[in-house]
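# This is a predicted model, with the sequence first.
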Amino acid sequence: MTDHPVVAGVDGCRGGWLCVWGPADEPASLRAALIDHPGGIATLTPAPSVVGADVPIGLAEASPRGCDLAARARLGRPRGSSVFPAPIRPMLTAADYPTACAIGRARAGRALSRQAWNIVPLIHAMDRFLQRDTQWRERVYEVHPELSFALWNGGTPMRHNKKRSPGRQERIALIERDLPGALEATQDALSGQRYAADDLLDALAALWSAARIARGEAVAFPETVETDECGLPMVIRA
């Protein structure tokens, strides 16, 4: 690995997938773009060696994922509520929300939250990408921005909701302290495109974790990594 590995942070948003990438130790030169589907990750130039993606990757067949439980426990209240249970794999092909809930009740004894259902298309798209382009399985890692920000903040979770001004400001403070110039560079690159302010903050947090993964410094939740029926890891790294 080079001294300046290119890493990427990816966050699903209304306009598709928000990607930020480049050498983390050259934050003012980071690039940013919206892509329509996860396969666009393979077209990024320069190509990232590690990608932190804010989306569930390995999916259980029935029981809750241990990584979701571990992440919620680590964050505690109130930030732990941002880690909602991922859908089980059979839900990916459900035609609608009631069908997904029926599958959940039959297989796992629980329905699916509306919040989780809203990102099923993103989860399914990433799953198809990793099933098809298996080389990217070694480069794309599941992350969660709230875990990233907590570890970035010396182990203390963010105090405020990211949708509110105090929450945005405490996250921006970390980014500007350790990734100076990153916000300006990525905002300029995304000018005129459709995304929410917190989408960019989450993508930069994902990039921060990707850099830690590249350096071998990331923490795994849980420490013992399980894989799903398709061989994808069910673990969140930060």
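Perfect, thanks for sending it. Nothing here was measured: the structure is a model prediction, and the numbers come from that model. Numbers count the residues shown, from 1 in each chain.

# So S148 is in contact with I213, correct?
No: using CB atoms under 8 Å, S148 makes no contact with I213, being 10.8 Å away. Glycine gets a C-beta too; all of them are placed from N, C-alpha and C.

# which residues do the two both contact?
Residues within reach of S148 and of I213 at once, by CB atoms under 8 Å, 6 or more residues apart in numbering, are G52.

# what's the span of stretch 225-236, first residue to last?
9 Å (CA to CA, to the nearest Å).

# Give me the buried stretch members for that stretch, please.
228, 232-236 (16 or more other CB atoms under 10 Å).

# Format those as TSV; extra columns: secondary structure.
Output for the buried residues of stretch 225-236, formatted as TSV (DSSP: H, G, I helix; E, B strand; the rest coil):
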residue	secondary structure
D228	coil
L232	coil
P233	strand
M234	strand
V235	strand
I236	strand
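
# Could you point out which of those is nearest to G15?
If you rank the buried residues of stretch 225-236 by distance to G15 using CB to CB, I236 comes first, at 24.4 Å.

# just to revisit the earlier point, in TSV: the buried residues of stretch 225-236, plus pLDDT and distance to E61.
Converted to TSV, the buried residues of stretch 225-236 look like this (pLDDT from 0 to 100; distance: CB to CB, whole Å):
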residue	pLDDT	distance to E61
D228	97	7
L232	97	12
P233	97	15
M234	98	11
V235	98	17
I236	98	19
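
# what's the closest of the residues you listed to T134?
Nearest member of those to T134, counting by CB to CB, is L232, at 10.3 Å.

# Surely that closest one touches A60?
No: taking contacts as CB under 8 Å, L232 lies outside contact range of A60: 10.7 Å.

# Pass me the low-pLDDT residue ranges in this structure, would you?
1-3 (pLDDT under 70).

# Pick out the residue closest to the middle of it.
Among the residues of the chain, the one closest to the centroid is D54, at 1.0 Å (CA atoms, centre = their mean).

# got TSV for the buried residues of stretch 225-236, with distance to G16 too?
Listed next are the buried residues of stretch 225-236 as TSV, based on distance: CB to CB, whole Å:
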residue	distance to G16
D228	25
L232	22
P233	24
M234	25
V235	25
I236	22
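
# Could you say which helix or strand holds P48?
Using DSSP states H and E, P48 is not contained in any helix or strand.

# quick one, what contacts it?
P48 makes contacts with 6-8, 21, 41, 139, 210, as judged by CB under 8 Å, 6+ apart.

# For G154, give its distance to L122.
For G154, the distance to L122 (CB to CB, to the nearest Å) stands at 30 Å.

# the more surrounded of those two?
Each of G154 and L122 has its neighbours counted (other CB atoms under 10 Å); L122 has more, 20 against 7.
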